[in-house]
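Asks: Here is a sequence with its predicted model. Questions after.
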Number of protein chains: 2
Amino acid sequence: MNTARKRNSARQESLGVILHHAEQIFAESGFRGATMQAIADASSLPKANLHYYFPTKLALYREVIQRIFTIWLEAADSFDTSASPREALSSYIRKKMEISRTHPCGSKVWANEVIQGAPIIQDYLQTTLRAWTDSRIEVINRWISDGKIDPVDPRHLLYMLWATTQHYADFQHQVVTLNGGKRLDDTQWEVATMNVTNIILKGIGA
Amino acid sequence: MNTARKRNSARQESLGVILHHAEQIFAESGFRGATMQAIADASSLPKANLHYYFPTKLALYREVIQRIFTIWLEAADSFDTSASPREALSSYIRKKMEISRTHPCGSKVWANEVIQGAPIIQDYLQTTLRAWTDSRIEVINRWISDGKIDPVDPRHLLYMLWATTQHYADFQHQVVTLNGGKRLDDTQWEVATMNVTNIILKGIGA
DNA sequence: AGCATAGCTGACCAACTAGTCAAGAAATTG
DNA sequence: CAATTTCTTGACTAGTTGGTCAGCTATGCT
């Protein structure tokens, strides 16, 4: 049992290493631009070994996308648990900003995919994302009818939340360049988070 | 002279057709994913003809990027000409939303490029964009010291403007999917523009 | 130890793609 | 008309890339 677990964990280890580097390479080069050879090199594995774990490049890509989506959905819980709009949105923005900081590559892969018309993940958009969005729209509409926030269009508020937070991941390179080539430090991330939070909360009268 | 002009205009015609379709294909597939053959087919020209007008794929790509960047810079004039923050920002947001609607492919190509670390246009970022950004930051800072808007970080306000407006181009597919598969109509674009404008203006106390 | 299974890898191939080129068609000029 | 320049195009090449496969090694089991 101990030895069997050893082999199994070695498998998990390999899978993890491959997926981690695949995410980076796909973010850097897009689906087509990424080569299995590049992912193999980054993972310090021979290319044929990748094909042992993932039959095709597409299968590997799908797995990468799946992981990102899961992370985002988990961050979205704040919308339910918190009571007031201020709490709910502050918490959601903060979580999404943190994800932009810690998982920029995942966000980039997702952005790339959507920009290109979501050929691979269309089903996610139509099912899971759609359901999630609809349920949050209800929450926001309740805030409005309770007079807790201004009567804004919930859909566009959501887009604004996504756009502003993911910008720091997807356009990381631009942000860094305009920051004099230096990555944002702890303080700057906090400033960014507070700016986004304050402007949006005040903007909707929360 | 008349004939010479005729030939010259035929040249401009060809260049225009190629650039137009190249923009679409690059947006759909990224730099690497786009093939000269695909662009040729879309333009109804043999591939060798593309290489007559553009020596390399990279040269064609650069030209596409250049055009987008020019359009964006022109939209940015509102910042100077208008006096009050309300006017300046309303006008800028409206223009950027219009560009997102009329030139979504250009925006997507730019996004793709930046996501991948701007390997081709790094010089634009460091020179033109940087200079533009710095000058607008001054304008915003003046608004703040004049007490016309709240003391926000100008940089993050700019990022918010870019992110929210370009979202409707870059994530067009997602927006359309969440809109029941239908493209936004005139009214919906107006609603989107007003929502973005109102929330941001109120958010910064303009 | 001996057998079986999971994991690893170098060498290989078929398909694709950017770019070339030579030969011609069409327009322009003197 | 003839000469010249611009434009067009099918056919070709060199290089790259996803994916295969036969054989290898290491691990686990009895």
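Replies: Cool, the structure landed. Numbering: from 1, shown residues only, chains lettered A, B, ... in the order given.

Asks: Identify the residue spatially nearest to the residue nearest the centre of chain A, adjacent ones excluded.
Replies: Computing the C-alpha centroid of chain A and ranking residues by CA atoms, centre = their mean puts A:Ser107 first, at 4.0 Å. Nearest non-adjacent residue to A:Ser107, counting by CB to CB, 6 or more residues apart in numbering or on different chains: A:Ala169, 3.6 Å away. Any C-beta I mention is one placed from the backbone N, CA and C, and that applies to glycine too.

Asks: give me phi/psi at A:Asp77?
Replies: phi -60, psi -30 (degrees, to the nearest 10).

Asks: Counting neighbours, what do you get for it?
Replies: Using other CB atoms under 10 Å in any protein chain shown, A:Asp77 is surrounded by 12 other residues.

Asks: What does the pLDDT read for it?
Replies: pLDDT for A:Asp77: 82.

Asks: Same question for A:Ile39.
Replies: Note on A:Ile39: pLDDT of 98.

Asks: Test my guess that it contacts A:Asn49.
Replies: No - at 10.6 Å, A:Ile39 does not count as touching A:Asn49 under the criterion of CB atoms under 8 Å.

Asks: Neighbour count: these two, which is higher?
Replies: A:Ile39 (24 against 14).

Asks: Contact partners for the more buried one?
Replies: A:18, A:21-22, A:25, A:50, A:60 (CB atoms under 8 Å, 6 or more residues apart in numbering or on different chains).

Asks: Also A:Leu129?
Replies: Counting by CB under 8 Å, 6+ apart, A:Leu129 has contacts B:174, B:177-178.

Asks: On the three-state scheme, it is what?
Replies: helix (DSSP: H, G, I helix; E, B strand; the rest coil).

Asks: Could you report the distance from it to DNA strand C?
Replies: 30 Å (CB to the nearest atom of the strand, to the nearest Å).

Asks: Also A:Leu89?
Replies: Distance from A:Leu89 to DNA strand C, by CB to the nearest atom of the strand: 44 Å.

Asks: Please apply the same query to A:Phe69.
Replies: The value you get for A:Phe69 to DNA strand C, if CB to the nearest atom of the strand is used, is 26 Å.

Asks: before we move on, which element is the one residue in chain A that gets nearest to DNA strand C in?
Replies: Of all residues in chain A, A:Ala48 sits closest to DNA strand C, at 2.9 Å by CB to the nearest atom of the strand. Using DSSP states H and E, A:Ala48 falls within helix A:47-53.

Asks: who does the very next helix or strand once past that helix touch, helix- and strand-wise?
Replies: Moving toward the C-terminus from helix A:47-53, the next helix or strand (DSSP H and E) is helix A:57-75. Helices and strands touching helix A:57-75, as assessed by 3 or more CB pairs under 8 Å, 6 or more residues apart in numbering or on different chains; DSSP states H and E, comprise helix A:2-33, helix A:85-102, helix A:104-115.

Asks: Output the contacting helices and strands for the lowest-mean-pLDDT helix or strand in chain A.
Replies: Within chain A, confidence by mean pLDDT, DSSP states H and E is lowest for helix A:78-81 among all helices and strands, at a mean of 78. Contacts defined by 3+ CB pairs under 8 Å, 6+ apart place helix A:78-81 against helix A:85-102, helix A:130-145.

Asks: starting at the chain centroid, how far to the helix or strand containing A:Ala169?
Replies: Take DSSP H and E as the rule and A:Ala169 turns out to sit in helix A:154-170. Between the centre of helix A:154-170 and the centre of its chain there are 11 Å (CA atoms, centre = their mean, to the nearest Å).

Asks: Remind me what it packs against, helices and strands.
Replies: helix A:85-102, helix A:104-115, helix A:130-145, helix A:186-203, helix B:104-115, helix B:154-170, helix B:186-203.

Asks: please redo it, this time with the cut-off set to 7 Å
Replies: helix A:85-102, helix A:104-115, helix A:130-145, helix A:186-203, helix B:154-170, helix B:186-203 (3 or more CB pairs under 7 Å, 6 or more residues apart in numbering or on different chains; DSSP states H and E).
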